[in-house]
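# mind looking at a prediction? Sequence and model below.
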Amino acid sequence: MAFQQALSGLNTSSKAIDATSHNIANSSTVGYKAGVVHFADVYAASLTGNGASQIGIGANLVAIQQQFTQGNITTTNNPLDIAINGGGFFRMDHNGAISYTRNGQFHLDKSGYVINDQGLVLTGYAMQNGALTQTVVPLQISASYLTPQATGSNVNSPFNGVRVNLNLDSRQTVPTSPWVDGGAPGDTNSFTPDPTTYNFATGTTIFDSLGNPHNLMFYFRKTINGSEWEVFATLDGTTNQNIVPGGGPIGTLTFDALGQISGGNPMPVTLDILNTMISQGQPNGNGALATQTFPIDFTGTTQFGSANSVNRIEQDGYTAGSLVGVSVADDGIIQARYSNGQTYAMGQVVLVDFTNPNGLRSIGNNQWIETSDSGAPMVGAPNTSGRGVLASYSVEESNVDLTAELVNLITNQRNYQANAQSIKTQDSIMQTLVNLR
């Protein structure tokens, strides 16, 4: 019987060495999870049921359990290198065949799909009409131009048109020069910018329906009322005949005794894009919408006894943009960056969890597939229901403890030698019996 016991010991020690060697070989494999060999003793069945004098007949390999503990996070230079910090697996698609991995070394193929080194496509939640859906699809980064948005038409902006926040100096006096072509206030002629006709000026760039930039300037003139400021505007340096209402101020801001804005806000304006561009030698306005209407929001503007200053000026339009880069947030949102300074969400990486990850079957190339033992895949966004968070420009290293594995290798080698010694001892006993006279 000792031969059988020793042979089973040699077999299990050999399997342990194999598993340890496999761990050592993958100590630098991104996303690899170390395997631990589980053994069990073996006893012959007893018909009498009396186990007091049973002698085991060896050992047997029960399972090789992978340890799904966290590996170290290492930074890289690739924005599509993604590490999972916590639980979960990436969901990969290969022509409808689904597999799972912890290796987040991704890049783009020629069609813009996010793939790994084996050509499997990373999947996630799709974007539709600017909002995330719960539909899981292969993730693709579009290389198309980002469509321009005219100022005042961007439905995804938190505000509409132009926002201006400034302080108008209450100590300023009414300009001595008239504001129109030598005429008097109330004249129907066009406002012509002249430093002697206004107290303060500022401006911003706005965009028409084709993404063409235009310089919109605001001029503020204090009135004899003292608490009122007339606001004039020009487009691309032209007189304000190209802004409706034309000729005079586009509106009047009123302030209370505490310097807070109390009237005249917001100011709707309509820009004559067509005639402005024609005056610049652009035939037919180059096809952009002829007019453009949006509000000027002066919320937060004050009249205090301090210097004229601009605290904030912004608008919601932008020109067309080409793709210049991508990034992945910790919640899995893939953001595309464009040359016009805009960002756009292309989708969201999903993570998949299992009730029993050790029930997954490894198919190589850092991939696992679902089995009946693993339980059904539970798909969700990162950082939800126990799933980990994502780290862009990073990969998760193998969780192999190389020092421990080398010690295990030595131990398993000694176990193998000891089992071989059992065979040698049994052989010596058999030889003694054969030599009996």
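Structure received.

# contact partners for residue 302?
166, 167, 168, 255, 259, 260, 261 (CB atoms under 8 Å, 6 or more residues apart in numbering). Any C-beta I mention is one placed from the backbone N, CA and C, and that applies to glycine too.

# in ChimeraX, select just the buried ones from the residues you listed.
In ChimeraX, this line selects whichever of the contacts of residue 302 come out buried by 16 or more other CB atoms under 10 Å:
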select :166,167,168,255,259,261
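
# in a markdown table: the contacts of residue 302, plus distance to residue 287 and secondary structure.
Shown next, in a markdown table, are those (distance: CB to CB, whole Å; DSSP: H, G, I helix; E, B strand; the rest coil):
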| residue | distance to residue 287 | secondary structure |
| --- | --- | --- |
| 166 | 35 | strand |
| 167 | 40 | strand |
| 168 | 39 | coil |
| 255 | 42 | strand |
| 259 | 45 | coil |
| 260 | 43 | strand |
| 261 | 38 | strand |
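
# farthest pair in the contacts of residue 302?
166 and 260 (13.3 Å; CB to CB).

# touching stretch 105-120 from outside, list them.
By CB under 8 Å, 6+ apart, stretch 105-120 touches 30, 78, 80-82, 92-94, 99, 101, 103, 121-122, 138-143, 334, 365, 367, 395.

# for the contacts of residue 302, which one is nearest residue 309?
For these, the nearest to residue 309 is residue 167 (5.2 Å; CB to CB).

# which element is residue 10 on?
Assigned by DSSP states H and E, residue 10 belongs to helix 2-25.

# can you pull the contacts of the nearest residue to residue 60 once chain neighbours are set aside?
Leaving aside its sequence neighbours, residue 60 sits nearest to residue 42 (CB to CB, 6 or more residues apart in numbering; 5.0 Å). Under the criterion of CB under 8 Å, 6+ apart, the contact partners of residue 42 comprise 8, 56, 57, 58, 59, 60.

# inside strands: which ones of these?
Those of the contacts of residue 42 mapping onto strands are 58, 59, 60, per DSSP state E.

# please name the bridge partners of the second one.
Going back to what we said before, that points to residue 59. Counting by DSSP bridges, residue 59 is bridged to residue 41.

# that one touches residue 9, doesn't it?
Yes: the criterion here is CB atoms under 8 Å, and residue 59 meets it with residue 9 at 5.9 Å.

# any idea how many residues pack against residue 339?
Each residue near residue 339 was counted by other CB atoms under 10 Å, and the total is 14.

# ok, it to residue 257 distance?
Applying CB to CB, to the nearest Å, the value for residue 339 to residue 257 is 48 Å.

# in the stretch 251-400 of the chain, which ranges drop under the pLDDT threshold?
The stretch 251-400 of the chain contains residues with pLDDT under 70 at 285.

# what helix or strand does residue 136 sit in?
Take DSSP H and E as the rule and residue 136 turns out to sit in strand 131-138.

# repeat that for residue 418.
With DSSP H and E as the test, residue 418 turns up in helix 402-434.

# flag every buried residue along that helix.
Quick answer for helix 402-434 (16+ other CB under 10 Å): 405, 408, 409, 412, 415, 416, 419, 422, 423, 426.

# cool, and stretch 70-90?
70-71, 76, 79-85, 87-90.

# can I get these in JSON lines with pLDDT, distance to residue 18 and secondary structure?
Shown next, in JSON lines, are these (pLDDT from 0 to 100; distance: CB to CB, whole Å; DSSP: H, G, I helix; E, B strand; the rest coil):
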{"residue": "70", "pLDDT": "94", "distance to residue 18": "25", "secondary structure": "coil"}
{"residue": "71", "pLDDT": "94", "distance to residue 18": "22", "secondary structure": "coil"}
{"residue": "76", "pLDDT": "95", "distance to residue 18": "32", "secondary structure": "coil"}
{"residue": "79", "pLDDT": "94", "distance to residue 18": "38", "secondary structure": "coil"}
{"residue": "80", "pLDDT": "95", "distance to residue 18": "35", "secondary structure": "coil"}
{"residue": "81", "pLDDT": "96", "distance to residue 18": "31", "secondary structure": "strand"}
{"residue": "82", "pLDDT": "97", "distance to residue 18": "32", "secondary structure": "strand"}
{"residue": "83", "pLDDT": "97", "distance to residue 18": "29", "secondary structure": "strand"}
{"residue": "84", "pLDDT": "96", "distance to residue 18": "28", "secondary structure": "strand"}
{"residue": "85", "pLDDT": "95", "distance to residue 18": "31", "secondary structure": "strand"}
{"residue": "87", "pLDDT": "94", "distance to residue 18": "28", "secondary structure": "strand"}
{"residue": "88", "pLDDT": "96", "distance to residue 18": "29", "secondary structure": "coil"}
{"residue": "89", "pLDDT": "97", "distance to residue 18": "25", "secondary structure": "strand"}
{"residue": "90", "pLDDT": "97", "distance to residue 18": "28", "secondary structure": "strand"}
